[in-house]
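In: what follows is a predicted protein model with its sequence.
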Amino acid sequence: MITRLQRIAFFLATSLLMVSVAAAATLTGTVTNGTTSKPSVGDQAILIKLGAGMEEVAHAKTDAQGKFSFNFEDSGSPHLVRVIHQEVTYHQMAPPGTSSLDITVYDVGQRVEGVHAVADLMFIQAAQGTLNITRIFSVSNNSKPARTQMNDANFEFYVPETAQIEEASAQTAGGQPLNLSPTPQAQKGRYAFVFPLRPGETQFQVTYHLPYSGKTTIDPRLVYPLQHFVAIIPRAMQFSPVQPGIYEAKQPPNQPDAIAQLADNPQPGQKLAFDISGNGLLRNEEEQASGGAGSSADTRPGGGLGAPIEAPDPFDNYRYYILGGFGIVLVAGAIYTVNRSKSSPSSPQPAVATAAGPSAGNLLQALKDELFQLEVERQQGEISLEEYSKTKAALDQTLARAIKRNRES
């Protein structure tokens with residue numbers, strides 16, 4: 001007769017055998033040099049397990065055919081494959097069950113023909129003595145043959161000398177935003193992103209704030225020629241260009257309480273400065289539909305701007321930037337408010353985040369994504385322990401408030 005102890009031992013042995021069989025996994029890949037259309041030889045390949053952080057679980061090098069192989073214990077977690085080619089990284093997601101994948105890399109040059117800044121979108125809002133600005137830059141790399149541009153000042157921009165940068169990030173097409181720290185340049189107020197401009201499209205974002213007395217002049221100070229510069233402000237604020245005839249008023253998609261001022265084909269050195277006055281907050285579509293504070297049925301001059309007739313709207317090219325930009329503005333405002341409350345808890349707080357914040361569900365997801373990104377940077381050594389602890393504390397506090405708000409609603 002089989003005793004209970006024997007049954008338990010048999011069960012444990014069987015379970016361990018099943019786990020060991022299930023845990024053995026192999027992932028193969030092929031790396032192609034998109035510049036030469038040949039196999040990429042000798043590149044380092046790293047398998048990263050995505051979970052609470054980013055754990056490197058296997059390493060390999062590509063052979064003469066550009067192939068590599070990983071043997072690892074598969075716990076059912078998603079993985080990320082990182083390939084390093086000429087000191088630039090390229091990534092490919094490997095969901096659970098993936099057995100093979102292909103990755104394309106490109107040769108690197110300090111200056112590459114076909115790299116152009118395309119658009120500069122500036123989101124502006126103000127409340128209680130603070131002006132908050134988020135800028136989104138779109139850069140296109142259409143080099144032929146395709147190459148990656150990389151140098152110590154790969155993309156430069158200006159902010160006002162009195163501005164304090166809150167956060168900045170870079171994002172490639174189809175990728176996740178990666179938080180960055182812009183590098184100050186010799187000229188005051190000028191910064192650079194040290195981030196590779198891979199073939200395709202790259203989007204940079206920077207959020208900053210500065211003191212505001214109710215009226216000020218903003219000078220975009222372009223570094224590169226653009227197809228479009230766009231300033232987006234709440235309709236409660238007033239906009240007046242320093243030089244008439246530069247801007248054309250437009251209606252941002254799905255944002256009836258905002259107005260956009262568009263400048264076509266602006267050039268470095270061109271007088272794009274404009275005066276703004278008043279206070280106003282950029283609000284998300286949910287709050288506008290629910291008739292939150294400051295909403296109005298249609299108080300725009302002339303009942304609002306109509307769509308252009310028989311002409312493509314340039315905003316069609318930036319629709320996702322604009323909608324995404326509103327989300328960035330709102331979440332950044334929430335984090336900024338928490339940082340302000342931690343540094344001066346006894347002082348009155350700007351109403352940017354609370355009045356302009358996103359819905360609780362959207363904010364929760366955004367904060368969870370931000371916490372994940374923070375852990376990624378810590379695992380990669382891209383952030384100091386002090387900065388990590390400070391940022392995580394602020395995010396944790398904001399997340400707790402968002403959870404409480406979600407429960408109440």
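Out: Perfect, I can see it now. Computed from a prediction, not measured in an experiment: that's the story for all the values here. Numbering: from 1, shown residues only.

In: what about residue 165, how many neighbours?
Out: 14 (other Cβ atoms under 10 Å). C-beta coordinates here come from the backbone N, C-alpha and C atoms, glycine included.

In: hey, what's it bridged with?
Out: residue 208 (DSSP bridges).

In: and residue 192, by the same measure?
Out: Beta-bridge partners recorded for residue 192 (DSSP bridges): residue 156, residue 183.

In: surely it is in contact with residue 154?
Out: Yes - the pair residue 192 / residue 154 is scored as a contact, 6.9 Å apart, by Cβ atoms under 8 Å.

In: how about the contacts made by residue 110?
Out: Listed by Cβ atoms under 8 Å, 6 or more residues apart in numbering, the contact set of residue 110 reads 149-151.

In: give the ChimeraX command for selecting the buried subset of the residues you listed.
Out: In ChimeraX, this line selects whichever of those come out buried by 16 or more other Cβ atoms under 10 Å:
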select :149,150
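
In: give me the helix or strand of the protein that scores worst on average pLDDT.
Out: When the helices and strands of the chain are scored by mean pLDDT, DSSP states H and E, helix 352-356 comes last with a mean of 35.

In: how much space between residue 220 and residue 260?
Out: As for residue 220, its distance to residue 260 is 14 Å (criterion: Cβ to Cβ, to the nearest Å).

In: the more surrounded of these two?
Out: Per other Cβ under 10 Å, whichever of residue 220 and residue 260 has more neighbours is residue 260, with 24 against 19.

In: still on that earlier bit, which of residue 192 and residue 154 has more neighbours?
Out: A count of neighbours by other Cβ under 10 Å puts residue 154 above the other of residue 192 and residue 154, at 22 against 17.

In: would you confirm that the more buried one contacts residue 197?
Out: Yes - using Cβ under 8 Å, residue 154 is in contact with residue 197, at 5.8 Å.

In: the helix or strand that contains residue 31 pairs with which strands, and in what direction?
Out: Taking DSSP states H and E as the criterion, residue 31 maps to strand 24-33. Strand 24-33 pairs in its sheet with strand 38-39 (antiparallel), strand 67-73 (antiparallel), strand 100-105 (parallel), by DSSP bridges.

In: backbone dihedrals for residue 106, please?
Out: Backbone torsions of residue 106, given as degrees, to the nearest 10, read phi -140, psi 150.

In: and it, how close does it get to residue 199?
Out: Going from residue 106 to residue 199 by Cβ to Cβ gives 6 Å.

In: if I look at those two, which residues touch both of them?
Out: 34, 146-148.

In: could these go into TSV alongside neighbour count?
Out: Formatted as TSV, the shared contacts of residue 106 and residue 199 follow (neighbours: other Cβ atoms under 10 Å):
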residue	neighbour count
34	21
146	19
147	22
148	24
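
In: can you tell me which of those are in strands?
Out: The strands, defined by DSSP state E, take in residue 148 from the shared contacts of residue 106 and residue 199.

In: let me know the closest of the shared contacts of residue 106 and residue 199 to residue 241.
Out: Closest approach to residue 241 among those (Cβ to Cβ): residue 148, at 37.5 Å.

In: quick check: the closest one touching residue 200?
Out: No - counting by Cβ under 8 Å, residue 148 sits too far from residue 200 to count as a contact (10.0 Å).

In: mutual contacts of those two, please.
Out: With Cβ under 8 Å, 6+ apart as the test, residue 148 and residue 200 both reach residue 141.

In: what's the pLDDT at residue 128?
Out: Looking at residue 128, its pLDDT stands at 89.

In: and the gap between it and residue 211?
Out: Counting by Cβ to Cβ, the gap from residue 128 to residue 211 is 11 Å.

In: dig out what the residue lying closest to residue 236 once chain neighbours are set aside forms beta bridges with.
Out: In space, and not counting its chain neighbours, residue 236 is closest to residue 280: 3.4 Å by Cβ to Cβ, 6 or more residues apart in numbering. The bridge-partner assignment for residue 280, based on DSSP bridges, gives residue 126.

In: three-state assignment of residue 229?
Out: Under DSSP: H, G, I helix; E, B strand; the rest coil, residue 229 falls in the strand class.

In: how about the strands in the stretch 101-250 of the chain?
Out: 108-109, 115-127, 130-141, 148-149, 155-158, 164-172, 178-179, 183-184, 190-193, 200-211, 215-218, 228-234, 238-241, 248-250 (DSSP state E, counting those that start in this stretch).

In: let's see the fifth one as CSV, backbone CA atoms only.
Out: Backbone C-alpha positions of strand 155-158 (Å, rounded to 0.1, in the frame of the first residue of the first chain) are rendered in CSV as follows:
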residue,chain,number,x,y,z
PHE,A,155,18.8,67.2,-31.0
GLU,A,156,18.9,70.7,-29.4
PHE,A,157,16.3,73.1,-28.2
TYR,A,158,15.8,76.2,-26.1
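
In: for the strand or helix carrying residue 84, name the packing helices and strands.
Out: Element membership for residue 84 (DSSP H and E) is strand 79-85. Applying 3 or more Cβ pairs under 8 Å, 6 or more residues apart in numbering; DSSP states H and E, we find strand 79-85 packed against strand 24-33, strand 44-50, strand 88-94, strand 100-105.

In: okay, those strands in a markdown table with mean neighbour count next?
Out: What follows is the helices and strands packed on strand 79-85, written out as a markdown table (neighbours: other Cβ under 10 Å):
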| stretch | mean neighbour count |
| --- | --- |
| strand 24-33 | 18 |
| strand 44-50 | 19 |
| strand 88-94 | 17 |
| strand 100-105 | 17 |
